[in-house]
Each structure stands twice: as C-alpha cells, then as structure tokens.
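# got a sequence here, can you model it:
(3 chains)
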Amino acid sequence: MAERKVAWKARKDNSLIGSDITRIDGVEKASGHAKYAADINTPGTLFARLLTFKGGAATVKTLDTADAEKTPGVRAVHVFNGVGKEVRWDGTIVAAVAADTPEQAEDGVRAIKVTYEAKPHWVDEEDLGGATAAKRTKPLGDNQKGEVAAALKAAKHVHKGYYGIVTISHMCMEPHGSHCEWDGEDKLNVYLSTQNVSGTGGQFAGPLGLDASNVSITCDYIGGGFGSKFAVDQWGVACAQLSKKAGKPVRLMLDRATEMKIGGTRPSGFIEVTIAADAEGNITVWDSHHWGTSGIAGSTISLGQLPYCFDGIPNRNRKATGISTNTGPNRAWRAPPHPQLCAVTDTVIDDLAAKMGANSYDIFMKNLDKTPKPDVYAEEMKIGAKLIDWKAKWHAHGKGSGKGAVKRGLGMALHRWGGRAGATTCTVKVHPDGAVETFLGSQDLGTGTRTVIAITLAETFGLGVADVKVNIGNNSYPKANPSGGSITVGGVSGPLRRAGLEALWKIYDLVAAKHKVPADSLTAKGGKILSAGKAVCSWKQACGLLGPMPLEVQGQGPKNDGLTSSGVAGVQMADVSVDIETGIVRINKLVAVQDCGLIIDELTARSQVYGGLIMGIAYALSEERVMDNRTGRFINADLENYKLPRIGDIGELVVHMYQPDSEYERGVVGLGEPPVISTGAAISNAVANATGVRVPIQPLTPQRVLEALKGAQA
Amino acid sequence: MWDRNDQNRSRPDFSRRDFLKGSAAAATATAVATQGPEEAAAANLKTNVFAAAATSVTLNVNGKNHTVKVEPRVTLLHVLRNTLNLTGCKEVDERSADGADTVMIDGKAVLAGSRLAIECEGKEIRTVESLRQGEKVDAVVAGFVKHDAMQCGFCTPGFVVATRVFLDHNPKASLGDIQKGLGGNICRCGTYQGITACALEISTGGK
Amino acid sequence: MRPFEYARPQTESETLDLLNDHDANTAVLAGGTDLISLLQDDLQEPQRVVDIKQVESMHGVTQDGGGVRIGALTTLEEIAASPLLENYRSLADVVDGVRAIQIQQMGTLGGDLCHQPNCWFYRNGYGLLALEDGESLVASGDNRYHAILGNQGPAKFVSAARFAPALIAWGADVRVIGPEPDASEWLPLEHFFVTPNVESQGVSILKPGQLISHVRLPAAEEKISSTYEVLQMEGLDWPLAAAAVTIDLDRGVVREASIVMGHVAPMPWVAHEAAQSLIGQSVDEVSATRAGEIAVQAATPLRDNGYKVQLAKTAVKRAVLAAADMLEGVL
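Reported below is the predicted structural model:
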C-alpha cells in the first residue's frame, strides 16, 4: 500500500473547499435564536449596573454603599475601588450593584454616595510639547541603520511631513461581560463573552479560590471581540462574586459608555518624518520621530516595524516617545499596530511620489524589493489596478478634471500579516450509524469558524456540511487557541484534517477488508465510498463496519506537515470623491486584493475582507475617541457622536481573493486581521490625490479636511 | 429553559420554500388600558394614570398575549428579553442609536429600547423570532444567510427586522432607498455588503 | 430611569390636566426617541410621563384655510407621504435626511421641535450651559460641534430641531396649549425657541405643563423651498450645519425670501440680511454665494468650530440653488 500522506486534496478534487458555503449557524443568528452572554435567562437571574468615575482623574475620598444595600430589589453590592483608591481615567468602575431588575440595580447605583478628590489629568495624545511640560512623556526607543545624514545629502528627492492617527475604541456591538451561576459552593458556570474559551477558566478559579476544573466557560456566540476579549477582567470576577454573595445567577455587562471607555482602545501615533529617494525613485532614507498614547502606561505604536513593510530601506532612523494619558488602556485591536503603522508609512510614500511628480503606483512598485514578498505584492497591485481602473483614472495630485466642488482621486497602500496556525486539539467522533461530530474548545467570533470546521470534516469524509455536528464554545472540550492573531482558521482546520484523515483511513481499511478492494483505491465522495471511482458502499454502511463503538480520533496542531503556514500580503486601492466646500469624503470604490493561502470557505473569507474594509472606512473617515482636555472626559462615548459608518457609507466594495495554485499549495493561513490594515492609508492617499492636499490626521473628518484645504490656500 | 447542548449542535440547512408573510395581521386581543381598582385607590390616581409601582401590563407578542407585572419605566426591550425570553433584540446602547433593538409594532419599525412596555398595550408586537417557524424562515432571514450578511451576529436580528419592515413599506426599493432606510442600524463587523445584496435581491425580485 | 407614573390621556384637555399634577414636574412622551434617552441618563426626572400618542386631535395633516395644519404627533413618514405637503419641498428634504426607518416611523414633528440639544457636555450631565464656577466648559473644552452664532452668552450648544429652519422659513406658526386646561395660543415658530441665559429657561418658551399641539403653514402659493443639510455620514447622523430657504420667485426675480440656518446657534438662526440680499436678484451662483457670505459675516466661532462657518455659508448657498433646482456638482 502506498504511503498515506496528510495533505489537503488536490484543488480540483474538492467538493466543498473553494466554493461559497453558507454559515451553519446563519439561521440561528439571523432569526435571533443565537444565545450570547446576556441572553441567559436562568430563573432568578439578577442584573448588575455599574457606578463609574466620571471625571479626568481622582482618588476616592468617601464611599458609602449602605443605602444601595437597602434599596428594594438589591441583592449584593461589590466595590471595585474603595476609599483611597486612585481612579485614573473616565469610566473606571467604582462599584457594581446586583438587583432583581435592571431598574432596581440603577436605583441602587444612584443610592451610592461617593466623593472624589480630583487629581490633575492629562488626556491630550497629540500635544507633545504640552505633554512634555506636564511630565507625561517617556522615550521609547531610538535606533539607526545605515547613514541617514549622508544619504539625505545624496538624495534627489526629499519630503518632510507630519501625519497621524488617533485613538479609537474596539466598539464591539456586544459589550464585555458575563453571566455567572454557582453550582453549590465550589463549582462555577460562566457564560462569558470571550475570544478565549479554553483559557479563561483559570482566571476565575485563581481569584475565587476554586479548582480550575470546577469552572465551566461557555461561549457559543460572541458579539465581537477584535482583540479586546481575551481576559476575564476585574468585572468578570466581580460578576462571580456578586453571584456568590447574592446566592443567585448574575448578569453583568458593561453599559455602552463604560464599554467604550474601558473595554479596549487602539493606540495613537503622530509622526514627524523625512523620507528621501534617488533619481529613479528608490527610497533611500527614512527618518522619523513619533509619539502617541496607549493610556496611562504611556506607550505608542511600536517603532520596531517602521517604515511599515518597507524593511529594506537602507538608511533609517526611528525614534518614539510615549505619552501617558488618563485614558482607558489599550488592548490588541485587529492587527495591532499595523493599521497605525501603515497609516504613517504609506501616506508618506505617497506624498514622496507626489513630490517627485510620479504616479504613486509606480513608486510603490519600484520599492517592492524592500518588502518581504515583492512578487506577491506586484501581482496583487496589477490585479487591483485593473479592478479600480487605475491607469485610466490616475492624475497627478490635485490635477483631476472635475469641475465644481467635487474632486476625485485614487490612492493605494499595502500590508502584511502572519496568521500562523494556533495550538489546538480536537476530538473527531464517527458513530457506527454514520453520524459525525467534533469537539473543540474554540470560539467563533463571526469569522465563520464553526463553518470552516464543518467544511473541513465534510470534505474529508465526502459528506455535506449538514452531516457534521460541530461542538465548540465550552472549556470541557479539548483546548483550542484563543482567537487572536488570525491563528484560528489554521488552528482548527489543521487538527481536523489530520484527525479526519486518520479516521477516514481506518474506515478505508475496514471497507477494503470487507469488500476485497485495495485500500489505496478508495475515495470518499457524495456520501459514498468509491473504489477507483466506482461506488462500493455508502458512508453509513462503511461506518457500520466500526462495530458497536464509535471511532474517536484526536487531532493536534500546529504541525509542519504543510496543512497550514504563515505570512500574507495584501494590497488595497481607493477611489474617493471629496466635496471641497464641505470637506465631506465619499467612497466611490474600494478594491482589496488579499491572499491567505488555501481558502476553505470562499464566502466567509470574502466577508472578512468586506468587514476589514468597512472597519477601515470607519477609522479613515469618521471614527475617533474625543478626550475633552478641560474635563478629562471621553466626551463622545456614545453612538451618535462616535461615528461609525452605516450601510450607505461604504460605496462599492470589490474583493478579489488572490489564490493562484502557489497560494493554495501553501495551506491555510489566517485572514481575520490583514484586511483592515491598509484601508486608512489608501483612503487618505486617495483624498490627497483628489484635492492635491494632504489631510495629515486620520480620521479625515470634514473639520480636518477643510482645515487642511484652508492651510494649503494660505 | 435553555439547553446548552442544543446550542452546540450544528443545524442542517433549512428549506427556503416557505416563508412567513412580513406583516400578517394576527387577531389581536385589544387590551384595555386600565389599572386594578386597588392600585388606583391606593395611589388616589385619576383615570388613565398608572402608578409608578409595578402594574399588570398585557402585551401581544408574536401572536400571543402575555401579562407581565412591570413598572412604567421598564422598556419593551427589557420585557421582551428578560421576562419573555425573546432575546433576539439586543441591548447595545442606552440611547438606541444602533438599531440592534429593532422590533415591529403594528407593522412599523420601533426601537424597543426607546419604548416603555406599558406604551405597547393593545398593539401587535412582533420580534425577529417570529420570522422563523421551525424550518420555515422569512425571505429576509434566508437572504441574510445566502448573502452572508452577518458575522458576529449581534446586530443581525435588529437588521433583519429593520430590513423586513423596510421592504414591507418599500417593496420596489432602489439601492439609494435601501441605504437611507437601513441607515439606523450599525454593524461593527462590517456586513453591509451582504445586507445590501439581500435587500436588493428581494426588492427587485418582488416578495 | 427613576420611577414615574405613566398617563395615557385621550384628549388635549385631559393631557393638560395630567401634565399639571405634581407641580408640572411631568414630561410629554411622543415617539420617545429623545425623551427615553434623557430619562436613561437622568437628565430629566419627571414624576409622571404623559404619553400623548392617543390624542386624536394632534394627529394628521389637514387643510387650514389656504394653508396646512400638521398635528404635532405626525410622524416623519406621514409628513413625507402627505399630498397636502407636496408643495413644501423643504420639509421633504428634512425627512429625506433622517436615514433610518425607525426614526421615520417613530419620530414626530412635535418631538423634533422639542428635541433637546445633543451637546455632549449637556448629555454628559454638565447642564445646558455647562458652567462650572461660572466658567463655560464649552468655551474651554472641545467645542467642534458647537455654536458659531448667538454664542456670546453662556449658551453655546446648537439647536437640534431639524424641522425648525424649514418651518420658520415658511412662516409657520405653532400652537401651544396649557398649562390651564383651556389655554391655547398660536405664535410664530420663530418665537418658540429661546437662547437661555440661565439653566431653567430651557430651549423653548414652553413652561412646565405646556406642550405643542399643532404647526400651521401658510399657503405655499407658488413659492419654492429647500433645506440643505451638511451631513458627514450617509447613515443616521446630525447635521453639522443646515439652511432652509423659501423664495417667492416671480418671473425669475426674487420677490420675497426667507433663510433660516440650523445647528449653528442655540436657536434656529434667521438670516435676515442674507435673505434681503436676494430681493430683486435672480437665483444664481453669484447671488446664492453672496447670501451665504452675508449669512455668516457676524459669525463668532469658538476655538474648534471655525470650519462650521464654511459649512453654514455653503449650506445657505446650496439651499438657495437647490430651491431653484440649480444645485449640481456637489456630493
């Protein structure tokens, strides 16, 4: 018998992989039957409401919860920050009240008497001079490569500029939180909104003094994480403590304003940069100093990857300064910190091209040799250019033919990401009646993980997606990687393919023996087992040969067997219109060309890219956290003033999944994060091309656009 | 009671043959808006006034009458989600600026978080759950699945209801109409492409 | 929200009776798209909420002599659909700018006119005037969305009433009833709004226990109108600036004009001189631009909202051109 090899099928032999497969939990979600952490209505569940600090910074001077405890319906009160504690940013939780109804919990919160002693606050993340004077800055690194000064002298084209991108919140539609129920004194069941089903049990067990094996974590559905929901957080443990105190289940979810303030932020970066090129347009110098904030810790976007993707620029200085602000701390935000790195790199390159009088496309193409995957970028750029009609629509910056107030322009940017498979184990179970199920403690953030799992097994066994029962979302199942870093699709598909093949081969051996056909002539397709293309028996009949016990196989990963790998590129191009009398920017078209190795479900893969583009439009044009310097408050922590794009704000989105055979052969690589990276820079570049003026800071709001246009006229 | 195991099972694809009509008028028991005599006497209140304390409120939801005891300040959203276990509509934002709490009242799109339960007596309330009966789903639900108009799914029920009502009132909607009509719903994951495709398909194809 | 009584009157006089218990510490509930948010944030704490949606007399659009009477409970959707309002295009423009079916079907005209400011200091609990020790938090804080006109006193928020500019430009009157059961008065909508000097003045002349029952428009005759809102987003959003114009154009020459700006001042801002500048002119790029410039020449922007002067100027220009169907080449 020929050696059996773990591998994906040849591309042409796939029945499911490579087509559009709808989500197996689609109907659950669309008909409102999917249950999230706040949907668990165990009888007697109490509702928690929070008292949060509303100011810049302070210490808690007095705190009296006695009246809250006596409020009708209130069953427990939990103090987070008591007398003497520092509350260092707007939204810090002071206390939580659990009551029979949400309204009574609010009554309880109102009954808490608290006073603060205000402390000085600093919330301005852009004003480096002011921050320095307020002693809120610290150096974060300074390194050199090559000979910047000499290279600058020798350069033909030099451009100096200022660019930046502000802090935003994760803004998950489902806030952080959980539902906690005790089973006796020492067993805890948690329905947690988390990206980390397998790894959060211990975060309850430790602080609560429980055996980790007695903490059950369930997350069947999560309403967005984007990197902010790996930990249980103080309020998660508090939910369990309130439940214990009250002797009843408790639901504690952050309210929207608190969610925006403390649920996670993406650090900002503001950069002064000099870039230079030789006569042919090869970039020879990058010299930058940037600053920004990640909150009180005073970090900013890491300087280690500047200039973004163009590592091969030979002469480089880069320096970073962090500003410590009294603001909610940062958490990983979808591809951290690549969106910001791209926003302060590809805009600079574009302006250099404009200064040279060159076509931005040509300068990016010229310098691909300084990127990790020049050939892939080149191909993706060519495809993108066709899709957006770059050649026909290009004009020099500001020199479009539009009359009237509306100017149109093009811009592009590129990005990279890793996406290596995470560490996951799974159990695949084949029943003698042909039923197939799998168990793994993974979560589906909305990326389509459940569906990918079903497709992987169904493809392997020659079944339909509906024939596979997928069990995820509980920590009693074999442990799976947390979903972050775009490691899940490889993390789950690898072990499932391995275990699936092992199970399949065992079944083949049984069929071969029973039907006297060579085992390596067998394939599984359309619910049947075939020998040299001729049906031998049905899948069900084959499984009947297993005897009375189901077949159980464990799968593990990551392995170096070629099922998964790492490293993606990606190119995005934008066609925008700018109304120069109002500063309003509209997307005409966004084109994304994205590779991610072998694509298991084309439909949900494209959705990831559409989603990334739309999140990109958000931070490019309208999304920002506004800290009011005077009050120290996150003053737009609401969904009217924190502006996210709606269905009419996206223009035409074109997604091209780049998957030549060379990509298919690489195996599965993660996709969840890369599509959000270069959108901001592409849009900013398109606005610069349309108007002839760089709007330096993202988001490009009407205020910023008009101020830039006015500045240019002066 | 909610069975965790049910949620872990993957479901087979549902047949799309049948779908519910968008605004079927169910027989509604008109609930007369009066309070109990003891409550009125105790509070010495006038007619058509309800005390601040919890009072009996009868709501017609998805064709069935439910009598709940709630204070006037309790929103319809909380009654639907917490008392009637209809958790499809979601609580995202206290100002309801996101649309995830959209339900249908007498065939119109209403933000349940901006409406008191007590305001809704005598009305026909329908939630997203009414767009599915076992394996039969409404064309909007089927369309959302077909066009992958969802990711995390949290905004999805509100969007499905808003889309259903919008198409009921604008059966021949253009792209521009759809973009205006559904601009009250936020999706953070970015599913607008699929939602647009779904709405356009139903609109141009007729219902 | 704090606990409150709930009342469901069936008539205007019953409404007034129920509104004036509790020393008129009561609130009127129509569509709820603003009030419920205010209650959730404890910005209003009524002892009784009076739900007026059953008051038949306040529903519907009817003929009123040569003009039109609109009940305060008329929804945005009903305004857009009413044949009687076809000739008042600036109203349809406002409805068109509210991009959400929920608000179109829940929101009422009366509710819009009574919408509290969206000023983020106000919504975060600092009061309409956001004063701390006599100092304006707005003036020293982030005021990018705040007033560029009428802001020399303590009030620096902008009016949120989206229909007010169009209605005022049409010369609309508003009927206010209460607090006494038989009290009712028609007054020009222009005089309905106030710029407060102290918190308790609020944003309108409504005293506790009063409410709007109707709006009345004069005959449209042959006048042309338009509302131009500068909206950053295509989805549901608040205008950064807006202008409504009504013009009596007689054989290509402006005989009468009214220009009212919105979201640039604590009240809707009537631009008298700008309107005057159009009299005797034809409507064209030159006259429209000039009207815009005049409308903002007295603007006193704050530190962060200078860009709104440009937006207000543009809104006026574009509203004038749009009224005459001459607006093109804009996003």
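
# roughly how far does residue A:654 sit from chain B?
Relative to chain B, residue A:654 is positioned 10 Å away (CB to the nearest CB, to the nearest Å). The way it works is simple: take the backbone N, C-alpha and C, and place the C-beta from them, glycine included.

# and that residue, what is it in contact with?
Residues in contact with residue A:654, defined by CB atoms under 8 Å, 6 or more residues apart in numbering or on different chains, are A:387-388, A:589-592.

# what's the neighbour count on the residue in chain B positioned nearest to chain A?
Nearest residue of chain B to chain A (CB to the nearest CB) works out as residue B:88 at 2.1 Å. Around residue B:88 there are 29 other residues, counting by other CB atoms under 10 Å in any protein chain shown.

# need the residues of chain C near chain A, please.
Within reach of chain A by CB under 8 Å from any CB of the partner chain, chain C has these residues: C:1-3, C:42, C:99, C:118, C:120-121, C:123-126, C:137, C:140-142, C:144-145, C:230-238, C:240, C:304, C:306-307, C:310-311, C:314, C:328-331.

# could you identify the buried members of those?
C:1, C:3, C:99, C:118, C:120-121, C:123-124, C:126, C:137, C:140-142, C:144-145, C:230-238, C:240, C:306-307, C:310-311, C:314, C:330 (16 or more other CB atoms under 10 Å in any protein chain shown).

# near chain B, list only the ones from those.
Of those, the ones that also sit near chain B (CB under 8 Å from any CB) are C:1, C:3, C:99, C:233-236.

# out of those residues, flag the one nearest to chain A.
residue C:235 (2.3 Å).

# can you give me the strands in chain B?
With strands called from DSSP state E, chain B shows them at B:49-50, B:55-61, B:64-70, B:102-105, B:108-111, B:124-126, B:132-133, B:136-137.

# how about these in CSV, adding mean pLDDT?
Shown next, in CSV, are the strands of chain B (pLDDT from 0 to 100):
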stretch, mean pLDDT
strand B:49-50, 97
strand B:55-61, 97
strand B:64-70, 98
strand B:102-105, 98
strand B:108-111, 98
strand B:124-126, 98
strand B:132-133, 97
strand B:136-137, 98
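
# okay, those strands in CSV with distance to residue A:71 next?
Converted to CSV, the strands of chain B look like this (distance: least, CB to CB, whole Å):
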stretch, distance to residue A:71
strand B:49-50, 22
strand B:55-61, 20
strand B:64-70, 18
strand B:102-105, 30
strand B:108-111, 28
strand B:124-126, 31
strand B:132-133, 40
strand B:136-137, 44
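
# let me have those strands in CSV, extended by distance to residue A:213 and mean neighbour count.
Converted to CSV, those look like this (distance: least, CB to CB, whole Å; neighbours: other CB atoms under 10 Å in any protein chain shown):
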stretch, distance to residue A:213, mean neighbour count
strand B:49-50, 51, 24
strand B:55-61, 41, 20
strand B:64-70, 40, 14
strand B:102-105, 42, 27
strand B:108-111, 44, 27
strand B:124-126, 44, 23
strand B:132-133, 38, 18
strand B:136-137, 40, 20
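
# how about those strands in CSV, adding distance to chain A?
Output for the strands of chain B, formatted as CSV (distance: least, CB to the nearest CB, whole Å):
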stretch, distance to chain A
strand B:49-50, 15
strand B:55-61, 13
strand B:64-70, 8
strand B:102-105, 10
strand B:108-111, 12
strand B:124-126, 11
strand B:132-133, 4
strand B:136-137, 6
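
# quick one, phi/psi of the residue of the stretch 351-500 of chain A found nearest chain B?
Relative to chain B, the nearest point of the stretch 351-500 of chain A is residue A:446 (3.3 Å; CB to the nearest CB). Backbone torsions for residue A:446, taken as degrees, to the nearest 10, come to phi 120, psi 0.

# try the one 4 residues further on
Main-chain torsions, residue A:450, degrees, to the nearest 10: phi -60, psi -40.

# look at it and say how many residues are nearby.
28.

# got a list of what it touches?
Contact analysis of residue A:450 by CB under 8 Å, 6+ apart lists A:23-25, A:444, A:470, A:472, B:10.

# same thing with residue A:260?
A:91, A:169, A:171, A:625, A:634, A:637-638, A:642.

# next, residue C:104: phi, psi?
phi -60, psi -40.

# and if you look at residue A:536?
According to degrees, to the nearest 10, residue A:536 has phi -100, psi -50.

# you'd agree it is up against residue A:518?
No - between residue A:536 and residue A:518 there is no contact under CB atoms under 8 Å: 11.1 Å.

# and the end-to-end length of stretch A:279-298?
40 Å (CA to CA, to the nearest Å).

# quick one: average confidence on it?
Mean pLDDT, stretch A:279-298: 97.

# so what's residue A:310 closest to, chain neighbours aside?
Distances taken as CB to CB, 6 or more residues apart in numbering or on different chains place residue A:370 nearest to residue A:310, at 4.5 Å, with adjacent residues excluded.

# and the average pLDDT for stretch A:652-667 is what?
98.

# in it, what counts as buried?
A:653-659, A:663-664, A:666-667.

# give me the residue at the spatial middle of chain B.
residue B:103 (2.3 Å; CA atoms, centre = their mean).

# so who does that residue touch?
Contacts of residue B:103 by CB under 8 Å, 6+ apart are B:76, B:80, B:89, B:109-110, B:112, B:125-128, B:161.

# partner residues bridging it?
residue B:110 (DSSP bridges).

# so can I have TSV of the contacts of residue B:103 showing distance to residue A:598?
TSV is the format used below for the contacts of residue B:103 (distance: CB to CB, whole Å):
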residue	distance to residue A:598
B:76	47
B:80	43
B:89	39
B:109	42
B:110	46
B:112	43
B:125	47
B:126	43
B:127	40
B:128	36
B:161	37
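
# from the contacts of residue A:260, pick out the ones that also neighbour chain C.
residue A:638.

# between the contacts of residue A:260, which is nearest residue C:195?
Closest approach to residue C:195 among those (CB to CB): residue A:638, at 24.7 Å.

# quick one: the closest one is in a helix?
No - Residue A:638: not assigned to a helix; according to DSSP: H, G, I helix; E, B strand; the rest coil it is coil.
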